[in-house]
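# Below is the sequence, then the predicted model.
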Amino acid sequence: IFDKFKEPSLAYLDSAATTQKPQQVIDAITNFYSSEYSNIHRGAYRLSSNATDNYEAVRFKVKDLINSESHKNIIFTRGATEAINLVANSFENYFEEGDVILISTLEHHSNIVPWQLLAERKKLKIKFIDIDENAELILSDYEKKLQKFQPKLVAITYISNAFGTITPIKDIINKAHRSNAVVLVDIAQAVAHKKIDVQEMGVDFAVFSGHKLYGPTGVGVLYAKKQHLDLMQPFMGGGDMISYVGKEGSQWAEIPAKFEAGTPPIAEVIGLGAAIDFVNNIGFENIREVETNLIKDGLSFLSEYKEVTIYGPKDLSNRGSVISFNFSGVHPHDLATIADSFNVQIRAGFHCAMPALHAINLSATARISFGVYSLKQDLIQLGQALNKARSLFHP
Ligand code: PMP
């Protein structure tokens, strides 16, 4: 299905950073640009109304993907990062000076920095939930901090990109709600791997990027409960987000258009629609099965190397499709370079999650991550690179 297999020796083990694209996603984008292209929400002509229909149809696909109560709770953004920034700006009036935002130490920088910027603007305080040596949340610390700080908002990831930790999200949300906090969940690392049900979760806000779900870059999603969207100010001003513009001021369009200023990423949204069809056709049970087998194989294969230290949850059911590790005496960047010489693509560094790494006394790890197209052969090829590292650094 994927062009990457035209180069059969390539082992792509960085799907947590971004996924390869199925041919049907590429075809949907190509087809839109080559024969259906037009701007949307504009024309009274056929091309534009067809493009509008195709774009809006994806809103319904996203609604079904995450089981949102309505398509009107789905806002298209340029990515998870923009979606969090949207909330951190548009929801600003919900906060008052001195309020606390509680974040987990596992977060990707995109779920930390927008809150820090907001905290500076509104004089808020940010507190962090601690993690243990397996990169799992310390729930007693969470409960303690909920009680002590009475946060107005809890911002937390469902699956950590750095360590693959799956957080007990339902429990976290329930506890936050009992303490009257709203919850933003970052589902960027979850949405391609697990069936998400925002209503069952009861979450207030959820964000993800299309490019980690086999879709294109440049498109993401914000889900928000209606009661919050009703409170929120526009994020950016411009075309499409207004119902009236006068010299004296403007009135806003209905939700969700109110939050989608300017020409949106039309082709990208259409590509995201094809990506959602792709995962639905495979089915989340099948995806999880393929990936769980790869995680099991990956963990047992890596633990055969005495030089390797594996990080993250020990319990497989708490681990997403990510394995972070180090090879003693070899910097992760060097390991990634050696891997590359065997045509194995792995990630090295702090994975945009410095506080998480620092919390367990790390500055960098090597990381492999799987998509539904990953193969056991990819691990065997990685083994060649690890053998090489061993012979170079531990002769
Ligand atoms: N959250 C998590 C957990 C992520 O892994 C990423 C991407 N690495 C993001 C947020 C940000 O996504 P994007 O850069 O596509 O906005």
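Nice, I can see it.

# For the stretch 101-250 of the chain, list the residues in contact with the ligand, please.
Counting by Cβ under 6 Å from any ligand atom, the residues of the stretch 101-250 of the chain close to the ligand are 108, 110-111, 157, 161, 186, 188-189, 209, 211. Every residue, glycine included, has its C-beta placed from N, CA and C.

# What is the nearest of these to residue 97?
Using Cβ to Cβ, residue 111 comes nearest to residue 97 of those, at 22.4 Å.

# neighbours around the closest one, how many?
Using other Cβ atoms under 10 Å, residue 111 is surrounded by 25 other residues.

# shouldn't it be in contact with residue 154?
No - applying Cβ atoms under 8 Å as the test, residue 111 and residue 154 come out as separate, 10.9 Å apart.

# Residues that sit against both of these two, list them.
Contact with both residue 111 and residue 154 is made by residues 103, 184, according to Cβ atoms under 8 Å, 6 or more residues apart in numbering.

# can you map out the strands along the stretch 101-250 of the chain?
Ranges of strands within the stretch 101-250 of the chain are 125-129, 153-157, 182-186, 205-209, 220-224, 242-246, 249-252, based on DSSP state E, counting those that start in this stretch.

# Direction-wise, compare the fourth one with strand 220-224 and give the angle.
Compare the direction of strand 205-209 with that of strand 220-224 by axes from the mean of the first three to the mean of the last three Cα atoms, to 10 degrees and you get 170 degrees.

# what does strand 205-209 contact?
With Cβ under 8 Å, 6+ apart as the test, strand 205-209 has contacts from 66, 77, 79-81, 83-84, 87, 182-188, 190-191, 196, 198, 217, 219-225, 228.

# partners of it in the sheet?
Take DSSP bridges as the rule and strand 205-209 pairs in its sheet with strand 182-186 (parallel), strand 220-224 (antiparallel).

# Now do the same contact list for the nearest residue in space to residue 331 that is not next to it in sequence.
Distances taken as Cβ to Cβ, 6 or more residues apart in numbering place residue 364 nearest to residue 331, at 7.0 Å, with adjacent residues excluded. When contacts are counted by Cβ under 8 Å, 6+ apart, residue 364 is found next to 326, 331-333, 348-350, 357.

# Repeat that for residue 393.
327, 329-330.

# With residue 335 instead?
Neighbours of residue 335 in contact, by Cβ under 8 Å, 6+ apart: 327, 346, 348, 366, 385, 389.

# hmm, try it at 7 Å
327, 348, 366, 389 (Cβ atoms under 7 Å, 6 or more residues apart in numbering).

# Likewise for residue 111?
Under the contact definition (Cβ under 7 Å, 6+ apart), the residues listed for residue 111 are 84, 103, 155, 157, 186.

# tally of neighbours for the last one?
Right, the one you point to is residue 186. Using other Cβ under 10 Å, residue 186 has 29 other residues around it.

# For whichever residue of the stretch 251-395 of the chain sits closest to the ligand, give me phi and psi.
For the stretch 251-395 of the chain, the residue positioned closest to the ligand under Cβ to the nearest ligand atom is residue 352, at a distance of 5.7 Å. Residue 352 has phi and psi values of phi 50, psi 40 when expressed as degrees, to the nearest 10.

# do the same with the one 10 residues further on
Dihedral pair for residue 362: phi -120, psi 150, per degrees, to the nearest 10.

# For stretch 246-253, give the mean pLDDT please.
In this model, stretch 246-253 has a mean pLDDT of 97.

# That one spans what distance, first to last residue?
14 Å (Cα to Cα, to the nearest Å).
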